[in-house]
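Student: only geometry, no sequence info:
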């Protein structure tokens with residue numbers, strides 16, 4: 001049930017900042033887009049979604065954590081201070097959401113607390129069962145240029161937690177530790193854990209849980225449009241790894257990967273058709289992941305965390321893996337089918353781009369012709385203007401000369417004018 005929000009700070013006490021700190025791949029993209037799309041209506045109800053644009057909270061997080069993020073840090077400097085200044089000026093509650101905040105250490109959390117001394121900070125963490133989360137995390141790595149095979153990734157998670165990829169995963173995904181770290185850093189304030197519903201549940205259910213965690217009424221978020229960040233199928237992920245490796249061998253620039261891979265291939269071509277199933281954990285790792293999930297659920301149950309949802313969502317069931325596939329076992333025939341379809345998609349889009357280029361070229365040429373005509377007309381007007389000015393100047397000279405001649409003639413006939421004219425000539429000579 002959604003809590004009834006109170007928008008009067010005097011009745012509510014201290015202003016509240018809800019800090020949604022992750023984890024990645026738990027509906028964060030949808031949540032952030034919906035919050036931003038409805039920020040004007042939320043403001044009317046006393047709730048601020050801070051930032052000037054959709055990336056503002058991401059930039060503030062990169063700045064706070066001092067993360068390079070492919071060069072983003074240089075443009076993000078000062079974004080955290082800008083965001084907190086906006087929060088300080090707001091009289092009501094605030095909602096912040098960025099999944100990278102889950103990696104914040106004690107010193108970073110202390111900085112957040114010090115930046116907002118007049119607010120009550122409440123941390124919200126969204127969690128999903130490991131059998132779904134491990135494949136999702138590996139796919140996200142592949143989307144961002146990794147060529148690591150799935151088996152090695154899972155093996156390292158189990159056997160080598162100090163390996164860089166494993167360390168990064170566990171630092172973000174170990175629910176009890178992330179929640180405890182933030183709770184202690186904020187002075188022992190109990191955290192809220194939002195559970196991601198089981199596979200097959202209504203997608204609106206997760207958004208409703210977020211609303212309850214933040215104290216928002218569902219009707220304050222009428223615009224539910226959001227970007228999608230879907231997982232890839234086994235065949236698509238394997239193909240992407242092969243392409244990433246080829247791009248690595250060619251030393252391809254990052255801009256090509258962003259435009260051609262994540263923009264075109266992932267964002268348009270593959271997104272337009274169903275995936276080839278779901279990535280599964282290897283059979284030998286499923287019991288391990290289930291046991292670890294149960295252990296973590298027990299730790300949450302023994303703590304004072306507030307749970308929005310159902311902790312049974314975090315314990316995997318057979319339904320999670322019944323239709324899933326191991327991506328390391330995708331056959332060459334399946335990859336060939338996907339490769340042919342991808343080439344066909346690329347050719348169709350190339351043809352569309354060529355047509356658009358021709359259209360734009362014609363429009364450019366038309367604009368150039370109009371520009372040339374306008375320039376010629378302007379030059380003609382300028383010539384006419386200059387001729388008119390010369391004519392005016394000539395007329396002015398003629399009138400002055402005629403007046404001068406009349407004055408000289410008059411000076412000969414009038415002794416007073418003659419004396420004045422003689423004085424004028426004398427002054428001119430000086």
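Tutor: Great, that's in hand. What you see is a predicted model; the values in this text were computed from it and never measured. Numbering: from 1, shown residues only.
Student: where does the stretch 101-250 of the chain dip in pLDDT?
Tutor: When residues are selected by pLDDT under 70, those of the stretch 101-250 of the chain lie in 228-230.
Student: can you pull out the strands in it?
Tutor: 119-127, 192-195 (DSSP state E, counting those that start in this stretch).
Student: export the ones you listed as a markdown table, with columns for mean neighbour count and distance to residue 393.
Tutor: The C-beta positions use only the backbone N, C-alpha and C, and glycine is treated the same way. Conversion of the strands of the stretch 101-250 of the chain to a markdown table gives the following (neighbours: other CB atoms under 10 Å; distance: least, CB to CB, whole Å):
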| stretch | mean neighbour count | distance to residue 393 |
| --- | --- | --- |
| strand 119-127 | 23 | 73 |
| strand 192-195 | 24 | 82 |
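Student: quick one: which of those strands is nearest residue 317?
Tutor: strand 192-195 (13.8 Å; CB to CB).
Student: given the closest one, what are its sheet partners and their directions?
Tutor: Listed by DSSP bridges, the sheet partners of strand 192-195 and their directions read strand 119-127 (parallel), strand 306-308 (parallel).
Student: quick one, which of those strands is nearest to residue 236?
Tutor: Distances from residue 236 to each of those were compared by CB to CB, and the smallest falls on strand 119-127, at 25.1 Å.
Student: so what touches the closest one?
Tutor: Surrounding strand 119-127, the residues in contact under the criterion CB atoms under 8 Å, 6 or more residues apart in numbering are 13-23, 26-28, 87, 94, 102, 112-113, 175, 178-179, 182-183, 186, 189, 191-196, 206, 210, 213-214, 314.
Student: re the thing from before, looking at the strands of the stretch 101-250 of the chain, which is closest to residue 265?
Tutor: With CB to CB as the measure, strand 119-127 is the member of the strands of the stretch 101-250 of the chain nearest residue 265 (28.3 Å).
Student: hmm, back to that, can you lay out the strands of the stretch 101-250 of the chain as a markdown table showing distance to residue 152?
Tutor: Compiled in a markdown table, the strands of the stretch 101-250 of the chain are given as follows (distance: least, CB to CB, whole Å):
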| stretch | distance to residue 152 |
| --- | --- |
| strand 119-127 | 25 |
| strand 192-195 | 30 |
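Student: which one of these lies closest to residue 370?
Tutor: Comparing the strands of the stretch 101-250 of the chain against residue 370 with CB to CB, the closest turns out to be strand 119-127 (55.3 Å).
Student: re the thing from before, wait, which of the strands of the stretch 101-250 of the chain is closest to residue 241?
Tutor: Relative to residue 241, the nearest member of the strands of the stretch 101-250 of the chain by CB to CB is strand 119-127, separated by 27.4 Å.
Student: what is the distance between the closest one and the centre of its chain?
Tutor: How far strand 119-127 lies from its chain's middle: 21 Å, per CA atoms, centre = their mean, to the nearest Å.
Student: among the contacts of strand 119-127, which lie within helices?
Tutor: 28, 87, 112-113, 175, 178-179, 182-183, 206, 210, 213-214 (DSSP state H).
Student: quick one, domains of this protein?
Tutor: 9-50+90-330, 357-429 (automatic domain parsing).
Student: drop anything exposed from the contacts of strand 119-127.
Tutor: For these, a burial check counting by 16 or more other CB atoms under 10 Å picks out 15-23, 26-28, 87, 94, 102, 112, 175, 178-179, 182-183, 186, 189, 191-196, 206, 210, 213-214, 314.
Student: what is the longest helix anywhere in the chain packed up against?
Tutor: When secondary structure is assigned using DSSP H, the longest helix within the chain turns out to be helix 332-413. Applying 3 or more CB pairs under 8 Å, 6 or more residues apart in numbering; DSSP states H and E, one finds that helix 332-413 contacts helix 234-249, helix 415-429.
Student: quick one on the thing from earlier: now for the ones in helices among the contacts of strand 119-127: which two are most distant?
Tutor: With CB to CB as the measure, no two of the ones in helices among the contacts of strand 119-127 lie farther apart than 113 and 206, at 28.2 Å.
Student: distance check, the closest residue to residue 317 other than its chain neighbours against residue 185.
Tutor: In space, residue 317 comes closest to residue 198 once its chain neighbours are excluded; the distance is 7.3 Å by CB to CB, 6 or more residues apart in numbering. Relative to residue 185, residue 198 is positioned 31 Å away (criterion: CB to CB, to the nearest Å).
Student: what does residue 358 give?
Tutor: Going from residue 358 to residue 185 by CB to CB gives 59 Å.
Student: and for residue 241?
Tutor: Taken as CB to CB, the spacing of residue 241 relative to residue 185 amounts to 37 Å.
Student: over to residue 275?
Tutor: 39 Å.
Student: between those two, which has more neighbouring residues?
Tutor: Between residue 275 and residue 185, counting by other CB atoms under 10 Å, residue 185 is the more crowded of the two (21 against 16).
Student: quick one: closest of the strands of the stretch 101-250 of the chain to residue 262.
Tutor: Taking CB to CB as the criterion, strand 119-127 is the member of these that comes nearest to residue 262, at 23.3 Å.
Student: okay, angle between that closest one and helix 175-185 too, please.
Tutor: 180 degrees (axes from the mean of the first three to the mean of the last three CA atoms, to 10 degrees).
Student: okay, residue 210 and residue 233: tell me how far apart.
Tutor: As for residue 210, its distance to residue 233 is 27 Å (criterion: CB to CB).
Student: all helices of the stretch 1-150 of the chain, in order?
Tutor: If you assign secondary structure with DSSP state H, counting those that start in this stretch, the helices in the stretch 1-150 of the chain sit at 9-12, 28-37, 39-44, 56-65, 72-76, 79-88, 106-115, 130-143, 150-159.
Student: quick one, what contacts the residue most central in space within the chain?
Tutor: The residue lying closest to the centre of the chain (CA atoms, centre = their mean) is residue 55, at 4.0 Å. When contacts are counted by CB under 8 Å, 6+ apart, residue 55 is found next to no other residue.
Student: now it: phi and psi?
Tutor: Backbone torsions of residue 55, given as degrees, to the nearest 10, read phi -90, psi 0.
Student: per-residue pLDDT, it?
Tutor: Per-residue confidence at residue 55 stands at 95 (pLDDT).
Student: thanks a lot, catch you later.
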